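[1] Fold the following for me, if possible:
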Amino acid sequence: MPATTAIVTTEHASRYLQQLCKHWSHRFTVEFDPAQGTIDFGKGQSVALSASPAALTVTVSDTNGDGAFDELERVVEDHIKRFAFRETLHFDWKRA
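    Here you go, the predicted model:
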């Protein structure tokens, strides 16, 4: 499955994971707990999140392979950065 992943250094990974999942739970199918979460955007697009004490791992998947990674990365990154307005987060996306 085509995917892209970013590991974001932060001590607030669980908080951001839960905020993002709650934020999108009214529009999409979402499952989460404090350590991991998934958001199914439909049409083969999803995001998986994993929180550790030192980092948030974000993996965007697109089974359609239609090249929508740039847009998906931007949308997910922008939302997380809004939640993290008290700190500067760096996303270095790596394609699998």
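
[2] Where do the helices of this structure begin and end?
    13-24, 69-83 (DSSP state H).

[3] give me the low-pLDDT residue ranges for this protein?
    Within the chain, the segments meeting pLDDT under 70 span 1, 65-67.

[4] can you tell me how far the residue nearest the centre of it sits from residue 84?
    Centroid-nearest residue in the chain, with Cα atoms, centre = their mean: residue 58, separated by 4.2 Å. Distance from residue 58 to residue 84, counting by Cβ to Cβ, to the nearest Å: 12 Å. Glycine gets a C-beta too; all of them are placed from N, C-alpha and C.

[5] if we can go back for a sec, now, of the helices of the chain, which is deepest in the fold?
    Stretch with highest mean neighbour count among the helices of the chain: helix 13-24 (a mean of 19; mean count of other Cβ atoms under 10 Å).

[6] So which elements touch that one?
    Helix 13-24 is packed against strand 29-32, strand 36-42, strand 45-51, strand 55-62, helix 69-83, with contacts defined by 3 or more Cβ pairs under 8 Å, 6 or more residues apart in numbering; DSSP states H and E.

[7] Many thanks, have a good one.
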